[in-house]
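A.B. asks: Got a sequence here, can you model it:
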Amino acid sequence: MMTFAPAHYKEILIFLTTAGVVVPLFRRLKFSPILGFLGAGILLGPYGLGALAHKVSWLAPFTLGSVEQIAPVAEFGVVFLLFMIGLELSWQRLAIIGKLVFGLGAVQVFGSAAALGGLALLLKEPPAPAAVFGFALSLSSTAIVIPVLAEAKRLGTTAGRTIFAVLLFQDLMVAPLLFMVTMLGVPGGGELGVAVVSTLVPALTGLSLIVLAGRLVMRPLFRHVAAAGSTEFFMAACLLVVIGTGVITAMSGLSMGLGAFIAGILLAETEYRREIEVTIDPFKGLLLGLFFVSIGASLDLNGVLTAPFKMFGLALGIILVKFCINWLAGWILQLPPRVSTEAALMLAPGGEFAFVIITAAAAAKALPPGPAASVMIAVTLSMFAVPAMGVLARYLVKQPGLTETAEFELPGVDGPAPEAIIVGFGRVGQLVGDMLHVHGIRYLAVDTDPNLVRRFHAEGREIYWGNATRPEFLARCGVAKAKALIITMDQTSDPEDIVRSMRAAYPNLTIVARARDAHHATALYSLGVTDAVPETIEASLQLSEAVLVDMGVPMGKVIASIHEKRDAFRKLLQPAGRPAEARRAIRMASRMKETIKRQPKPEE
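C.D. replies: Okay, the predicted model is just below:
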């Protein structure tokens with residue numbers, strides 16, 4: 001029988017407590033929760049209160065004794081983040097921003113590496129360590145920059161897309177840089193071929209395996225899981241894809257995040273994309289918080305306090321040099337000044353991959369341990385400046401001298417938001433979609449039948465599989481920018497849940513729902529639906545129209561009377577009508593239907 005050891009769960013409980021306290025507190029104070037996680041890591045880490053735990057015993061249960069215990073799990077925060085970014089892209093969209101990825105990204109990385117490496121040479125570092133330091137410090141923090149941009153709603157802007165393009169190139173450069181570090185650790189040229197084979201072949205094999213499996217396996221896997229109708233199994237499939245692809249690339253010598261990013265791109269054009277985003281997002285948020293805690297806990301306060309001017313001077317120097325190079329890179333590619341300024345500020349601090357490269361170089365004995373430790377402390381300090389850089393960037397780009405008359409555009413990266421969302425794409429939903437298409441209204445459809453979704457997705461319709469009763473799912477589908485939400489589901493409870501949540505979140509949204517009968521329509525109106533269309537009443541009105549026209553009544557009079565009767569029913573079913581009137585409308589609809597059934601057919 002396994003013995004229960006509370007110490008095994010200490011780190012988990014500390015982190016969950018931190019998440020439960022820090023996020024609500026910092027949001028109430030209108031500060032970024034990232035700062036809260038970083039600060040909590042410093043306070044509770046082995047260099048903060050953890051350093052006093054061996055003297056003050058009661059502190060031990062409330063402090064992190066070692067960063068290594070949470071680092072493996074914290075790394076998944078970056079992995080899940082890059083997977084989510086991949087879901088927002090596709091191979092086509094990636095090709096569109098290729099100029100920024102391989103143009104601006106290359107100029108930024110190699111320019112920053114040359115400038116920082118040159119400074120290292122001036123500080124008497126040998127050429128090989130100077131090159132390692134230059135390239136390691138040229139990288140920025142994807143894990144901090146992207147959440148800061150997303151929190152400020154800047155990720156979808158031109159500057160946000162530009163910053164992401166550079167970060168993507170930096171992530172792609174991690175594997176070649178690790179290869180370079182391996183080369184520096186090879187004592188002679190005789191083993192160069194072995195090093196090339198042992199480094200590049202596994203990397204290419206791992207990437208090829210992910211792409212091949214993604215093309216052949218991922219979509220059938222999610223179709224099979226979706227057909228089971230189990231939320232838990234769908235979540236398990238999502239975690240399997242993210243973690244599995246990350247492990248494959250890690251075994252290939254690449255970063256785990258790169259494999260998850262490619263998996264996200266492969267799933268970006270599938271009909272399961274929106275449901276996957278909703279499923280993965282909570283894991284991403286929690287694991288990123290743990291990642292920030294681990295970054296804060298890794299800051300060696302003893303090193304900072306021993307030589308504060310040196311450490312802060314190094315951090316400030318990294319930021320200033322990279323800002324200048326980044327701004328010049330934007331100028332070379334003719335980006336607007338406001339875009340170049342914001343991108344230069346956000347990309348100026350160091351990044352988490354600097355730790356990976358410096359650690360690998362130190363293990364390969366390509367770096368002396370003393371300077372390596374100092375640089376890692378300076379990188380950590382610079383990463384703490386990212387939220388402040390975001391605030392400074394938003395302030396500077398508002399200045400008149402940086403205002404542009406025309407926004408620099410990245411065509412095709414962000415498609416227009418749908419004007420209408422159809423929930424339920426059976427026969428009724430398909431007819432509604434056809435009518436919207438006839439009138440040039442762009443719509444997005446949602447359904448829970450995987451075979452139906454697969455068929456219409458293959459035809460080029462914008463349709464996704466997912467649970468529309470989850471408000472976050474409809475939010476991912478773009479309901480915030482849509483003009484209308486059309487609910488055509490034939491169930492009773494699900495439409496009511498959707499109307500309730502959507503009306504509370506979007507008071508001005510037009511919501512039109514299919515109702516089974518007058519009772520159901522009355523319930524939907526009480527929940528705030530704009531219009532409810534009862535099947536029984538509408539069928540009665542259509543039968544009445546057909547009978548009257550067939551009996552020779554002029555079409556104009558028939559249409560006018562039908563519209564008048566429909567408006568009367570609508571007024572009676574809405575909450576403004578008295579309950580007695582609503583009951584009278586229901587009885588009238590029933591009598592009308594029975595009367596029409598008994599109506600004799602006109603003679604030929």
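A.B. asks: hey, let's count contacts and neighbours off CA atoms from now on
C.D. replies: Fine.
A.B. asks: Quote the end-to-end distance of stretch 521-534.
C.D. replies: Start-to-end span of stretch 521-534 (CA to CA, to the nearest Å) is 6 Å.
A.B. asks: Off-centre distance for that stretch?
C.D. replies: 33 Å (CA atoms, centre = their mean, to the nearest Å).
A.B. asks: Verify the stated contact: residue 489 with residue 424.
C.D. replies: Yes: Residue 489 is within contact range of residue 424, at 5.1 Å (criterion: CA atoms under 8 Å).
A.B. asks: any idea how far residue 147 is from the residue most central in space within the chain?
C.D. replies: The centroid of the chain falls nearest to residue 84 when counting by CA atoms, centre = their mean (4.4 Å). For residue 84, the distance to residue 147 equals 12 Å [CA to CA].
A.B. asks: What of residue 265?
C.D. replies: If you go by CA to CA, the gap between residue 265 and residue 147 works out to 19 Å.
A.B. asks: And those two? Which one has more around it.
C.D. replies: residue 265 (26 against 20; other CA atoms under 10 Å).
A.B. asks: could you say which helix or strand contains the more buried one?
C.D. replies: Take DSSP states H and E as the rule and residue 265 turns out to sit in helix 256-268.
A.B. asks: What number of neighbouring residues does the closest residue to residue 60 other than its chain neighbours come out with?
C.D. replies: With sequence-adjacent residues excluded and distances taken as CA to CA, 6 or more residues apart in numbering, residue 60 is closest to residue 53, at 4.8 Å. Neighbourhood size, residue 53 [other CA under 10 Å]: 18.
A.B. asks: On the three-state scheme, residue 366 is what?
C.D. replies: Under DSSP: H, G, I helix; E, B strand; the rest coil, the three-state class of residue 366 is coil.
A.B. asks: My guess is it contacts residue 130. True?
C.D. replies: No: with contacts defined as CA under 8 Å, residue 366 does not count as touching residue 130, sitting 10.1 Å away.
A.B. asks: Need the per-residue pLDDT for residue 447.
C.D. replies: At residue 447, the pLDDT value in this model is 93.
A.B. asks: show me what contacts it?
C.D. replies: 423, 424, 425, 453, 463, 464, 465, 466, 467 (CA atoms under 8 Å, 6 or more residues apart in numbering).
A.B. asks: got JSON lines for those residues, with secondary structure and neighbour count too?
C.D. replies: Shown next, in JSON lines, are the contacts of residue 447 (DSSP: H, G, I helix; E, B strand; the rest coil; neighbours: other CA atoms under 10 Å):
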{"residue": "423", "secondary structure": "strand", "neighbour count": "27"}
{"residue": "424", "secondary structure": "coil", "neighbour count": "20"}
{"residue": "425", "secondary structure": "coil", "neighbour count": "24"}
{"residue": "453", "secondary structure": "helix", "neighbour count": "25"}
{"residue": "463", "secondary structure": "strand", "neighbour count": "27"}
{"residue": "464", "secondary structure": "strand", "neighbour count": "25"}
{"residue": "465", "secondary structure": "strand", "neighbour count": "25"}
{"residue": "466", "secondary structure": "coil", "neighbour count": "24"}
{"residue": "467", "secondary structure": "coil", "neighbour count": "19"}
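A.B. asks: which among the residues you listed gets closest to residue 163?
C.D. replies: residue 464 (29.0 Å; CA to CA).
A.B. asks: that older thread, output the contacts of residue 447 as CSV; include the columns distance to residue 559.
C.D. replies: CSV is the format used below for the contacts of residue 447 (distance: CA to CA, whole Å):
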residue, distance to residue 559
423, 29
424, 29
425, 28
453, 36
463, 34
464, 37
465, 38
466, 39
467, 38
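A.B. asks: Any chance of TSV for those, columns distance to residue 391 and pLDDT?
C.D. replies: TSV is the format used below for the contacts of residue 447 (distance: CA to CA, whole Å; pLDDT from 0 to 100):
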residue	distance to residue 391	pLDDT
423	39	93
424	42	91
425	44	92
453	43	91
463	38	92
464	36	93
465	38	92
466	36	90
467	37	90
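A.B. asks: rewinding a little: the helix holding residue 265 packs against which elements?
C.D. replies: Using 3 or more CA pairs under 8 Å, 6 or more residues apart in numbering; DSSP states H and E as the contact test, the elements touching helix 256-268 are helix 71-87, helix 192-213, helix 231-251.
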